[in-house]
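Novice: Can you look at this prediction? I've put the sequence above it.
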Amino acid sequence: MKAIDLLIHARWCLPMTGSTDIFEHYALAVHQGHIVALLPQDQADQQFTATQVHRLDDHVLMPGLINNHGHSAMTLFRGLADDLPLMQWLHEHIWPAEQRFVGDAFVEAGSALAVAEMLRGGTTTFSDMYFFPEATARVVDRTGIRASLGMVVIQFPTNWASDVNEYLHKGQALHDKYRHHPRITTNYAPHAPYTVDDATLAQIMVNAEELDVPIQMHIHETVSEIQTSIDNYGKRPLARLKELGLLSPRLIATHMTQLLPEEIADCARAGVHIAHCPESNMKLASGFSPIDAMHQAGLNITIGTDGAASNNDLDMFAEMRQTALLAKAVSGNPSAVPAYSALEMATINGAKALGIAETTGSLAVGKAADMIAVELTDIESVPMYDLASQLVYATGRDKVTDAWVAGKHVLKQKQLTTLDASKILSDAQQWAKTIKASS
């Protein structure tokens, strides 16, 4: 018998390697942080002896969810300015609050709160776009979660950088520091077409090619963004980005609610990835992304929560459900984005967009053991006729009981193992008191 670190027996295994690959009474074998086998339970007991053995007779074992767009530290602005249009929300509330409060300590506390929420909800990887990413990196490093951290670029000064050159320099420093980290990767994160000029975008494209990293950007989020671009450049944002050469497999276009058929075709031909944030788009009345049309065009669609200041949570199970439901409602097609497709968007598709599909996103031999256990035999979860449908349409994040990242048990029977929940709560309450006192 082969000695390994971890053996997990589960009632169901959903590896996300193909729609028919749903296994009952299987076991997953893990050694040194990687998956070494997925096989029937009786065979696993005959082949392996494990330091740790878990029997999850009421659970599905599946890949950890990938939150492909967010602003983690903004959990500390949760509920600060609700029920407002995007530009009013940004200009009158969020940007002034950021100028006043955002710094290294703020971002570290907010990121810790976000990571705790994500792990408890089954998210094991997240893509971030926020200032002071080095503070978020420290949280990622010590908590065991996986992340792709944005090297933010915006045309105006913030507390983190005074000009474009400083943004680029600090981003490069972040990349260099973590380029060999087992769980941290980086991406360029120019904020939006209306906040980054052509010359800066051209420099980012050169840098991204040299570093071989993705580029994430808010694009076509609102009607006003489109009109502003027409007024300033004589063309829609995507037309401008296409002329600059930004449309490529490196680009993760976030939101994308305002699209013409030819723009969908352009993105599909270029291999652009989509980061869909349905709840944030609805809350800010930004519009409805034509997910079914993009899905039919062959675009790689991923799911993100956006920041907790505009959502107001980091619940990927809720985002999956909204993705599937909105796709049907917007297209008028009840078959649009079936449940398994929504699960792909929240797992393997996110890994593909971030360039880490060889590492995570599915449960396959050789990949990192990034996985979650979801309980499916209680009152809210029965009867069950179709596993994928049950997960997307009837399961909440509260059903997640366990999570592992690279084989490390970061959530054990709903308890965080690498985070001090009491300190996180205390820090968040203290920041809330400080922010509220200044308003």
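Specialist: Right, received. Where do you want to start?

Novice: quick one: contacts of stretch 316-323?
Specialist: Residues from elsewhere that reach stretch 316-323 (C-beta atoms under 8 Å, 6 or more residues apart in numbering): 65, 67, 118, 121-123, 276-279, 282, 291, 303-305, 337, 342-343, 345-346, 391-393, 395-397. For glycine as for every other residue, the C-beta is placed from the backbone atoms N, C-alpha and C.

Novice: the domain parsing of this protein - what is it?
Specialist: Here the domain parsing of the chain from automatic domain parsing is 2-63+368-406, 65-354.

Novice: Let's have those in JSON lines, adding mean pLDDT, mean neighbour count and distance to T360.
Specialist: Output for these, formatted as JSON lines (pLDDT from 0 to 100; neighbours: other C-beta atoms under 10 Å; distance: least, C-beta to C-beta, whole Å):
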{"stretch": "domain 2-63+368-406", "mean pLDDT": "97", "mean neighbour count": "19", "distance to T360": "5"}
{"stretch": "domain 65-354", "mean pLDDT": "97", "mean neighbour count": "21", "distance to T360": "5"}
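
Novice: Mind checking the ones you listed for the one nearest to G361?
Specialist: Nearest of the domains of the chain to G361, taken as C-beta to C-beta: domain 65-354 at 2.8 Å.

Novice: In the stretch 251-400 of the chain, what residue spans correspond to helices?
Specialist: Taking DSSP state H, counting those that start in this stretch to define them, one finds helices in the stretch 251-400 of the chain at 261-270, 278-283, 291-296, 316-331, 339-345, 348-354, 387-393.

Novice: and P96, which of those helices is closest to it?
Specialist: Closest among the helices of the stretch 251-400 of the chain, using C-beta to C-beta: helix 278-283, at 20.0 Å.

Novice: contact partners of the closest one?
Specialist: Applying C-beta under 8 Å, 6+ apart, the contact partners of helix 278-283 are 82, 221, 255, 257, 286-289, 303, 305-307, 310-312, 318-319, 322-323, 326.

Novice: if we go to 6 Å?
Specialist: For helix 278-283, contacts defined as C-beta atoms under 6 Å, 6 or more residues apart in numbering pick out 257, 306, 310-311, 322-323, 326.

Novice: do the same with stretch 188-196
Specialist: Contacts for stretch 188-196 (C-beta under 6 Å, 6+ apart): 129, 150-155, 204, 208, 215-218, 225, 228, 237.

Novice: repeat that for 7 Å
Specialist: 129, 150-155, 171, 200-201, 204, 207-208, 213, 215-219, 225, 228-229, 237, 240-241 (C-beta atoms under 7 Å, 6 or more residues apart in numbering).

Novice: Can you name the next helix or strand after whichever helix or strand A135 is part of?
Specialist: Using DSSP states H and E, A135 maps to helix 133-143. Downstream of helix 133-143, the next assigned helix or strand under DSSP H and E is strand 146-153.
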